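> sequence unavailable; structure follows:
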């Protein structure tokens, strides 16, 4: 609507200027004709008066038209300035889109967004939120330009955000009687724009304005902020897709543990590091006891639930540096860097107890047998550590299951379960 009014006003001004120009031209023409006639008939006073009237009319038309012409020149100069600003903004948005295509992750995308916002919206603060893996919370990814003591929250709930619930932009206006999201203070004017791509929300862009004219500034920048959000949303979509594909390539879909291929890569890296530093690397091989019988008696749905629960029990008991993997079927492997054989046996006993405690939850007996091996105590290199742990696991099965067996130390031929007894 404002654009239509501006166009109408421009047409009206053009008509007024044209009318004034016609008046000036007519007056000048009358004066010239009067002078020509006066030369042909020097004694005619009527012609002189006509010439004077034409001059006065031209002067009046000029006085009326000059301000309009100057005003029209100023308006067109402003329009040209706005057009130039818009062109520069479009060029900057194109550069932003081009840079985002090279973004490898959220860190790169955040840097591009922050730099673009500093150039196109220097008077405004901002924040970007993205969904966590479970999509039940949005976490703060990057922020800029917020006043001291009024930093954006670290995380927000989608159920508390009107922009996400409505699926379109929402302005948190200042005042106690305005419709505001629960996670923002009442004295901040914030434009919230959901960032959608392919019919799905991937992020939330917040634009903050401060000052007495904050509402006017938010209204003026809303279209530009929407264009920035649109460019950013496609990048977030691509990053989320890459993360999903990467997770699918590295993770077991049932248990969410790392898969065997990833485990083999990590084992090689950990083994090389242990050999170089002279440190230990332990491996725990885990096999759920009588798992086939459990599937046959209770169904595969229960078997899958038990596998997921066992995986969660293992992950909850290991260090961030440890790696838990699904080796195949009901066999699981845990790699423990910088962990001696005795420490690994103690950890294995803890895992065995946690798995056995799942019996009450699932209403059936759940146990596991575990074999432990360590470089360099029981194996010389990475090619020996898993077979050594697997051999210890086999001895645990032969000894009655639901127990931990350690691989025999290099150079020893005695019983290998003495370490398990010491760990208990």
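Yes, it's here. The structure displayed is predicted, hence computed values, not measured ones.

> mind listing the strands for the stretch 201-350 of the chain?
281-288, 323-328, 331-337 (DSSP state E, counting those that start in this stretch).

> closest to residue 403 out of those strands?
strand 281-288 (11.5 Å; Cβ to Cβ). Just so you know, the C-beta spots here come from the backbone N, C-alpha and C atoms, and that holds for glycine as well.

> average pLDDT for the closest one?
When the per-residue pLDDT values of strand 281-288 are averaged, the result is 96.

> that strand: partners in the sheet, and parallel or antiparallel?
Pairing partners of strand 281-288, with direction, according to DSSP bridges: strand 331-337 (antiparallel), strand 368-375 (antiparallel).

> packed most tightly, which of those would that be?
Ranked by average neighbour count under the criterion mean count of other Cβ atoms under 10 Å, the strands paired with strand 281-288 are headed by strand 368-375 at a mean of 28.

> report the buried residues of the following helix or strand past that one.
Past strand 368-375, further along toward the C-terminus, the next helix or strand under DSSP states H and E is helix 382-398. Within helix 382-398, the residues that count as buried by 16 or more other Cβ atoms under 10 Å are 382, 384-386, 388-393, 395-396.

> redo those as CSV? Include pLDDT.
Shown next, in CSV, are the buried residues of helix 382-398 (pLDDT from 0 to 100):
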residue, pLDDT
382, 89
384, 92
385, 94
386, 94
388, 94
389, 94
390, 94
391, 93
392, 95
393, 95
395, 94
396, 95
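
> what's the closest of the strands paired with strand 281-288 to residue 281?
Proximity to residue 281, assessed across these by Cβ to Cβ, is greatest for strand 368-375 (4.5 Å).

> what's the end-to-end length of stretch 329-348?
Using Cα to Cα, to the nearest Å, the gap from the first to the last residue of stretch 329-348 comes to 19 Å.

> low-scoring pLDDT stretches of the stretch 301-424 of the chain, where are they?
Counting by pLDDT under 70, the stretch 301-424 of the chain has low-confidence residues at 411-424.

> before we move on, back to that, got CSV for the strands of the stretch 201-350 of the chain, with distance to residue 302 too?
Putting the strands of the stretch 201-350 of the chain into CSV (distance: least, Cβ to Cβ, whole Å) gives the following:
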stretch, distance to residue 302
strand 281-288, 12
strand 323-328, 18
strand 331-337, 18
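
> and of those strands, who's closest to residue 175?
Using Cβ to Cβ as the measure, strand 323-328 is the one of the strands of the stretch 201-350 of the chain that comes nearest residue 175, at 52.1 Å.

> and the closest one, which residues are buried?
323-327.

> with the residues you listed in mind, which one is nearest to residue 348?
The shortest distance between residue 348 and any of these, using Cβ to Cβ, involves residue 324 and amounts to 12.4 Å.

> identify the residues contacting that closest one.
When the contact criterion is Cβ atoms under 8 Å, 6 or more residues apart in numbering, the partners of residue 324 are 257-258, 311, 314-315, 318, 332-334.

> what about it, distance to residue 313?
Residue 324 sits 10 Å away from residue 313, taking Cβ to Cβ, to the nearest Å as the criterion.

> ranges for the helices of the stretch 51-200 of the chain?
106-120, 162-166 (DSSP state H, counting those that start in this stretch).

> dump those to TSV, plus mean pLDDT and mean neighbour count.
TSV is the format used below for the helices of the stretch 51-200 of the chain (pLDDT from 0 to 100; neighbours: other Cβ atoms under 10 Å):
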stretch	mean pLDDT	mean neighbour count
helix 106-120	86	18
helix 162-166	86	17
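
> can you list the ones you listed in CSV and add distance to residue 341?
Written out in CSV, the entries for those read as follows (distance: least, Cβ to Cβ, whole Å):
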stretch, distance to residue 341
helix 106-120, 40
helix 162-166, 52
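
> so which of the ones you listed is nearest residue 347?
Judging the helices of the stretch 51-200 of the chain by Cβ to Cβ, what sits closest to residue 347 is helix 106-120, at 33.6 Å.

> residue 350: neighbour count?
Neighbourhood size, residue 350 [other Cβ atoms under 10 Å]: 16.

> that one against residue 318, yeah?
No. Taking Cβ atoms under 8 Å as the definition, residue 350 is not a contact partner of residue 318, at 9.3 Å.

> before we move on, the earlier item: for the strands paired with strand 281-288, which one sits closest to residue 149?
Closest among the strands paired with strand 281-288, using Cβ to Cβ: strand 331-337, at 43.4 Å.

> ok, and what's touching that closest one?
Contacts to strand 331-337, defined as Cβ under 8 Å, 6+ apart, come from residues 255, 257, 263, 266-267, 270, 273-274, 279-287, 310-311, 314, 318-319, 321-327, 343-344, 347, 351, 386, 389.

> same check, this time on stretch 206-222
The list of residues contacting stretch 206-222 from outside it, by Cβ under 8 Å, 6+ apart, reads 121, 123-129, 145-147, 152, 169, 171, 173-174, 188-193, 225.

> buried subset of those residues as a PyMOL selection?
Buried residues within those, as defined by 16+ other Cβ under 10 Å, are selected in PyMOL through the command that follows:
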select buried, resi 121+124+125+126+127+128+129+145+146+152+169+171+173+174+188+189+190+191+192+193+225
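
> in strands, which of the contacts of stretch 206-222 fall?
The members of these that map onto strands under DSSP state E are 125-129, 171, 189-193.

> related to what we said a few turns ago, the helices of the stretch 51-200 of the chain: which one's closest to residue 291?
helix 106-120 (39.2 Å).

> helices or strands up against the closest one?
Helices and strands in packing contact with helix 106-120 are listed as helix 45-100, strand 125-131, strand 138-144, helix 214-250; criterion 3 or more Cβ pairs under 8 Å, 6 or more residues apart in numbering; DSSP states H and E.

> the second one packs against which elements?
Yep, that's strand 125-131 we're talking about. Packing contacts for strand 125-131, counted by 3+ Cβ pairs under 8 Å, 6+ apart, involve helix 106-120, strand 138-144, strand 200-209.

> look up how far residue 182 lies from the closest residue to residue 179 other than its chain neighbours.
Nearest in space to residue 179, with sequence neighbours left out and distances taken as Cβ to Cβ, 6 or more residues apart in numbering, is residue 162 at 6.4 Å. Relative to residue 182, residue 162 is positioned 9 Å away (Cβ to Cβ).
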